[in-house]
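Asks: From the sequence below, what's the structure:
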Amino acid sequence: MKALRVHQYGGPEVLKLEDIPEPKAGPGQVVVRVKAVGVNPVDVSIRNGAYSKILTPPYTPGSDAAGLVEAVGDGVKHVKPGDRVFITGTTSPSFTGAAAEFALSRANQVHPLPDALSFSQGAAIYIPYGTAYRSLIQRARGQAGETVLVHGASGGVGVAATQIARAHGFKVIGTGGTDKGRELIRKQGAHHVLDHKAAGYLDQLMALTDGRGVDIILEMASHLNLGKDLTVLAKFGRIVVIGCRGPIEINPREAMMRDAAILGMHLGNPTESEAASIWAGLGAGFADGTLNPVIGQEMALKDAAKAQVQVMEQSAYGKIVLIP
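Replies: Below you'll find the predicted structure:
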């Protein structure tokens with residue numbers, strides 16, 4: 001089968017499309033014929049070596065995808081060959097990540113894809129919606145009626161966070177860096193939309209909250225914004241660090257004065273019961289159309305290097321997916 005392979009850490013040029021053996025389904029495993037693969041900033045971080053303690057070359061990148069069940073191993077009952085599914089991870093990134101014609105996953109990583117969603121939308125579920133739900137509901141312990149700032153709301157995670165926040169009764173303020181991105185945020189239901197490239201946009205935010213600040217900030221670029229975020233938090237506010245590309249200096253007194261919390265989030269950390277809760281919480285939203293992934297661009301698997309460059313740009317718009 002065709003698969004993307006990374007044999008050494010480095011820039012996008014290390015991504016190679018190669019032929020490798022097709023995976024086989026063992027007990028409790030499922031092989032999926034991949035129709036679409038999600039591209040995420042974490043794929044770039046892994047490729048650059050930021051997670052070298054977790055994953056070392058050679059490996060096939062990608063952890064979220066959608067497609068058709070090709071084969072199931074002993075003990076798998078909830079899906080069968082031919083079923084439309086999306087996956088939330090693979091069993092062995094060193095061999096069979098999602099960026100390939102076939103992917104191997106554990107049975108509990110394979111979920112029925114609602115009929116209303118395309119394969120490309122299915123490939124936009126795991127990291128974007130899992131991250132958004134984990135951040136807002138499980139880490140920040142957000143409550144209906146609170147105000148949340150989605151700081152960078154036009155990308156895959158930002159769109160998911162905006163939709164989830166609206167569905168759970170939050171007041172939502174979203175930011176975007178382009179006119180196109182800000183219009184997308186409005187369409188997802190944000191109550192207010194700000195330009196995070198404009199001078200004074202945080203003053204606008206404070207005016208929108210009558211000087212109180214926001215209860216929760218979901219931060220996609222903490223290496224740029226964390227220090228400023230602390231100054232616009234309400235008392236007892238929480239910042240969830242979702243994205244980071246380097247260190248930043250902050251003034252801890254801003255957190256002290258507010259009894260504020262800075263919370264990290266990594267989608268590999270939920271317990272088994274927490275993970276089950278995430279997918280139970282999201283499932284109904286996908287089924288009834290409340291949650292609806294936005295696809296910004298579809299690209300061929302051979303164009304993965306270009307896709308990984310684009311996913312890191314600040315003018316994000318929806319989800320980028322690869323088509324094998």
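Asks: Contact partners for the closest residue to residue 318 other than its chain neighbours?
Replies: In this structure, residue 318 finds its nearest non-sequential neighbour in residue 296, 3.0 Å apart by Cβ to Cβ, 6 or more residues apart in numbering. Every C-beta, even on glycine, is put in place using the N, C-alpha and C of the backbone. By Cβ atoms under 8 Å, 6 or more residues apart in numbering, the contact set of residue 296 is 316-320.
Asks: Partner strands of the helix or strand hosting residue 296, with direction?
Replies: Assigned by DSSP states H and E, residue 296 falls within strand 295-300. Sheet partners assigned to strand 295-300 using DSSP bridges are listed as strand 319-323 (parallel).
Asks: low pLDDT regions in this structure?
Replies: Residue ranges of the chain with pLDDT under 70: 94-95, 314.
Asks: At the geometric centre of it, which residue do we find?
Replies: Against the mean C-alpha coordinate of the chain, by Cα atoms, centre = their mean, the closest residue is residue 128 at 2.3 Å.
Asks: tally of neighbours for the closest residue to that residue other than its chain neighbours?
Replies: Closest residue to residue 128 apart from its sequence neighbours, by Cβ to Cβ, 6+ apart: residue 156 at 3.8 Å. Other residues within reach of residue 156, judged by other Cβ atoms under 10 Å, total 31.
Asks: Could you report the separation of residue 156 from residue 240?
Replies: Using Cβ to Cβ, to the nearest Å, residue 156 is found at 16 Å from residue 240.
Asks: quick revisit: C-terminal to the strand holding residue 296, what's the next element?
Replies: Counting by DSSP H and E, what follows strand 295-300 is helix 304-310.
Asks: Test my guess that residue 148 contacts residue 213.
Replies: No. Counting by Cβ atoms under 8 Å, residue 148 does not reach residue 213; the two are 11.6 Å apart.
Asks: Give me the more crowded residue out of the two.
Replies: Legend: neighbour count by other Cβ under 10 Å for residue 148 and residue 213, higher for residue 148 (28 against 22).
Asks: give me the number of residues near residue 77?
Replies: There are 7 residues near residue 77, going by other Cβ under 10 Å.
Asks: whoops, residue 33 was the one
Replies: So residue 33, with other Cβ under 10 Å, has 19 neighbours.
Asks: ok, the residue lying closest to residue 101 once chain neighbours are set aside to residue 16 distance?
Replies: Leaving aside its chain neighbours, residue 101 sits nearest to residue 1 (4.1 Å; criterion: Cβ to Cβ, 6+ apart). Separation of residue 1 from residue 16 (Cβ to Cβ) stands at 14 Å.
Asks: Nothing else from me, thank you.
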